[in-house]
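Participant: just to be clear, the model below is a prediction. Sequence and coordinates:
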Amino acid sequence: MIKRIVKMTFRPEAVPAFVEEVFEASKNRIRAFPGCRHMELLQHASQPNVLFTLSIWDDEAALERYRQSELFQNTWVKTKALFAEKAEAWSTRVLDSPDSGPAQH
């Protein structure tokens, strides 16, 4: 399982356009994409123009299939046009959680 965190810094005036137009239009299709277990949008507590997506994928192959999809390509073009800074992204593996305990290696 992969947890993907993407930090996006938008121009302040562009946040409503992203949330109301881009995210709303694509969120259900992303959540239904094969291999996606969960996806949520988060907002920085003190910097409202900094948003994050946290998504959970079956594995790196599922995430890569999504990243190569037309859905991602179309959504990302619209999203990037609203940025104030380049996005940052991390793919992570859970080492320990209250639900699963220590990861098995």
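Facilitator: That came through fine.
Participant: please make it C-alpha for all contacts and neighbour counts, starting now.
Facilitator: Noted.
Participant: which parts of this structure are strands?
Facilitator: Assigned by DSSP state E, the strands in the chain fall at 2-9, 36-43, 50-57, 88-92, 96-97, 101-102.
Participant: could you save these as CSV and add columns showing mean neighbour count?
Facilitator: Output for these, formatted as CSV (neighbours: other Cα atoms under 10 Å):
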stretch, mean neighbour count
strand 2-9, 20
strand 36-43, 15
strand 50-57, 20
strand 88-92, 13
strand 96-97, 10
strand 101-102, 10
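Participant: what about residue 20, neighbour count?
Facilitator: Residue 20 has 10 neighbours, counted by other Cα atoms under 10 Å.
Participant: ok, residue 77 next?
Facilitator: Quick note: residue 77 (other Cα under 10 Å) scores 11 neighbours.
Participant: now residue 46
Facilitator: 7.
Participant: over to residue 83?
Facilitator: With other Cα under 10 Å as criterion, residue 83 counts 19.
Participant: residue ranges with poor pLDDT in the chain?
Facilitator: Residues of the chain meeting the criterion pLDDT under 70: 100-105.
Participant: just checking, what's the longest helix in the protein?
Facilitator: helix 70-80 (DSSP state H).
Participant: any buried residues in that helix, and which?
Facilitator: 75, 79, 80 (16 or more other Cα atoms under 10 Å).
Participant: would you turn those into TSV with distance to residue 4?
Facilitator: Formatted as TSV, these follow (distance: Cα to Cα, whole Å):
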residue	distance to residue 4
75	17
79	17
80	18
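Participant: CA atoms of the longest helix of the chain as PDB?
Facilitator: C-alpha atoms of helix 70-80 as PDB (Å, rounded to 0.1, in the frame of the first residue of the first chain):
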ATOM      1  CA  GLU A  70      -6.200  10.800 -19.300                       C
ATOM      2  CA  LEU A  71      -8.100  11.600 -16.100                       C
ATOM      3  CA  PHE A  72      -4.800  12.600 -14.400                       C
ATOM      4  CA  GLN A  73      -3.400  14.400 -17.400                       C
ATOM      5  CA  ASN A  74      -6.500  16.600 -17.900                       C
ATOM      6  CA  THR A  75      -6.900  17.300 -14.200                       C
ATOM      7  CA  TRP A  76      -3.200  18.100 -13.700                       C
ATOM      8  CA  VAL A  77      -3.100  20.600 -16.600                       C
ATOM      9  CA  LYS A  78      -6.000  22.600 -15.100                       C
ATOM     10  CA  THR A  79      -4.500  22.400 -11.600                       C
ATOM     11  CA  LYS A  80      -1.000  23.500 -12.600                       C
END
